[in-house]
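# Following is a predicted model, sequence given first.
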Amino acid sequence: MPTAVVGGRSAYPVHVDAQPAPDDPSRWLWLVKWVLIIPHVLVLAVLWAAFVVLSLVALVTIVATGRYPRAIFDFNVGVLRWSWRVAYYSYGALGTDQYPPFSLDEHPEYPAHLDVVYPERLSRGLVLVKWWLLVLPHYAVLVLIVGIGAQAARQIEGPYWIWEGGLIALLGFFAGLALLFTGMYPRGLYDLLLGLNRWVLRVAAYAGLMTDAYPPFRLDQGGPERMTLSGGPPPPDDSPATRTTSTPTHPQSLPPRSSWTPGRVVAVVAGSLTALLGVLGVVGGVSLIVWQTSREDGYVMAPAWEVGTAGYAAVSDEVVLEGSWLDEGLGRVRLDVVGDGEVFVGIATARDAAAYLEGVARAEQSRGMADRELDGGPPAVLPAEAGIWIASATDTGPVELDVAPQPGRYVAVVMDAAGSAGVDATVRAGATLPWLGPAAAATLAGGLVLGAAGVVVIVLAVRAAGRAGQPRGG
């Protein structure tokens, strides 16, 4: 196969090109393009989900066969192509006012083009490491480049606007200002934006397993990539090769236009989303199983609450229990308290506890995260004599309090049994959660079913696209 070269060096197989419109874009349209691209953003969100799933399928296939499935390759290239057109129209470049087509296919009439030369063979070993390990230097560079704009903009002090975009978006904003105030697009700024987008898309294609050719560390700024065949002279400036690189160097690398019909695209997207939901279900089911196996004496325990106050009491967050599901939902509830000296722990309604502790120096848990200290004096009566507790216990060692939940609003109170100041203890709460086992099994089974259904839909859609893309015999 002939090798394309650019300026005397081999062309990278990911070709990103654009043809600036004869006239500069509109002065004002860029101000509302963020609204105009919303339909594209919504579609691309699900297309990129399918891109991720199909890339995983391609990874497995490459490891097994050394080949990237052609139908999946065409789909993923189409997602990159669609993304580039939207970026070129909007704030990735503001290079045209021509609205992007809703299509995975190449559209020669549109000024932005992207193509990836189909690889006949790919390294089976390289595919396992290139998308996360080998490409790390590029990730670092891109994070640095994209993060410069946001980092610099955060230095701008002001109550109304803080820039959160990256360098590409920031340069696109400057291009918009130039259009707004001068009616002209600075050519140098356009060239730089095109170079940055080329870099990002090359890395995306490499990380998407579409080529084994490592992305170059260079910023190819400016207009079309000048491509020639090896050993031949460069094409003239007005030739198609200097205007666009959307035409592949190998004629067989151009997929049939009808390979991915709207119905097949919808099918593969639906299958990918279903498969992702299945993966989430499997992960959730496994997590619930692990959570269930971590029971302590039949109780699933929450993280510890460390109590430390110079006051006379420590009060937990208010817990609201309601509904007829409490027995099946929570089961039995247990409090484990370990403190210094003889410790009292009690559960009371929030109203009764507030009345008993009114004017008492105490610490109150705030939204389960931090304690707030309230000034006051000692309690009027010892906690064990207060008569407000639904359940309570006193001990010098670890204190365990086991209760059956009832509807209402409750708090847990930890105090020194003698009513002295200073409470230092560790409190853990837990419940039996009788639903946990069935929920884990149902979630895991549902995840497996959804995942299998998604895979079947993806396979059927990819096979249909693959058959449509094969040349018919004579």
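Thanks, I have the structure now.

# Is residue 344 in a helix, a strand, or coil?
On the three-state scheme (DSSP: H, G, I helix; E, B strand; the rest coil), residue 344 is labelled strand.

# Against residue 394, how distant is it?
5 Å (Cβ to Cβ, to the nearest Å). (Each C-beta comes from the backbone N, C-alpha and C, glycine too.)

# Find residues that contact each of these two.
Both residue 344 and residue 394 are in contact with 384, 417, where contact means Cβ atoms under 8 Å, 6 or more residues apart in numbering.

# Of these two, which one has the most company?
A side-by-side neighbour count of residue 344 and residue 394, using other Cβ atoms under 10 Å, places residue 344 first with 25 against 16.

# Need the distance between the two termini of stretch 354-374.
One end of stretch 354-374 sits 12 Å from the other (Cα to Cα, to the nearest Å).

# What's the local residue count around residue 218?
Using other Cβ under 10 Å, residue 218 is surrounded by 12 other residues.

# secondary structure class for it?
Residue 218 - assigned by three-state DSSP - is coil.

# And it, how far from residue 166?
According to Cβ to Cβ, residue 218 and residue 166 sit 19 Å apart.

# same thing with residue 56?
27 Å.

# the more surrounded of those two?
It is residue 166, of residue 56 and residue 166, that has more neighbours when counted by other Cβ under 10 Å, with 21 against 14.

# Okay, and the closest residue to that one other than its chain neighbours sits in which element?
Once flanking residues are discounted, residue 166 sits nearest to residue 146: 3.4 Å by Cβ to Cβ, 6 or more residues apart in numbering. Using DSSP states H and E, residue 146 sits in helix 136-153.

# swap in residue 394?
Assessed by DSSP H and E, residue 394 sits inside strand 391-395.

# What's the mean pLDDT across that strand?
Average pLDDT, strand 391-395: 94.

# Run through the neighbouring helices and strands of it.
For strand 391-395, the packing partners by 3 or more Cβ pairs under 8 Å, 6 or more residues apart in numbering; DSSP states H and E come out as strand 343-349, strand 399-403.

# again, 10 Å this time
With contacts taken as 3 or more Cβ pairs under 10 Å, 6 or more residues apart in numbering; DSSP states H and E, strand 391-395 sits against strand 333-339, strand 343-349, strand 399-403, strand 408-416.

# Quick check: which of these is nearest to residue 388?
For residue 388, the closest of the helices and strands packed on strand 391-395 is strand 343-349, at 4.7 Å, according to Cβ to Cβ.

# tell me the mean pLDDT for that closest one?
The pLDDT scores in strand 343-349 average 95.

# Next: stretch 92-112.
94.

# what's the offset of that stretch from the middle of its chain?
Centre-to-centre, stretch 92-112 and its host chain are 26 Å apart (Cα atoms, centre = their mean, to the nearest Å).

# Please identify the buried residues of that stretch?
Of all the residues in stretch 92-112, those buried under the rule 16 or more other Cβ atoms under 10 Å are 92-96, 98, 100, 103-104, 106, 110-112.

# now the end-to-end length of it.
Counting by Cα to Cα, the terminal residues of stretch 92-112 are separated by 12 Å.

# Mind listing what's buried along the helix or strand that contains residue 450?
Assessed by DSSP H and E, residue 450 sits inside helix 436-469. Going by neighbour count (16+ other Cβ under 10 Å), the buried part of helix 436-469 is 436, 439-440, 443-444, 446-447, 450-451, 453-455, 457-458, 461-462, 464-465, 469.

# that older thread, listing partners with orientation, what would you give for the strand holding residue 394?
Partner strands for strand 391-395, per DSSP bridges, with pairing direction: strand 343-349 (antiparallel).

# for the strand it pairs with, the distance to its chain's centre please.
Centroid separation between strand 343-349 and its chain, computed with Cα atoms, centre = their mean, is 43 Å.

# That one: what's the following helix or strand?
helix 350-356.

# between whatever helix or strand comes next after that following helix and strand 408-416, how big is the angle?
The element immediately downstream of helix 350-356 (helix or strand, assigned by DSSP H and E) is strand 362-366. Orientation note: strand 362-366 sits at an angle of 140 degrees relative to strand 408-416 (axes from the mean of the first three to the mean of the last three Cα atoms, to 10 degrees).

# And the helix holding residue 450, what does it pack against?
Looks like helix 436-469 contacts helix 38-65, helix 70-89, helix 262-293 (3+ Cβ pairs under 10 Å, 6+ apart).

# Tell me which of those is the most buried.
Of all the helices and strands packed on helix 436-469, helix 70-89 carries the top mean neighbour count, a mean of 23, counting by mean count of other Cβ atoms under 10 Å.

# sorry, back to before: can you put the buried residues of stretch 92-112 in TSV and add secondary structure?
TSV is the format used below for the buried residues of stretch 92-112 (three-state DSSP):
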residue	secondary structure
92	coil
93	coil
94	coil
95	coil
96	coil
98	coil
100	coil
103	coil
104	coil
106	coil
110	coil
111	coil
112	strand
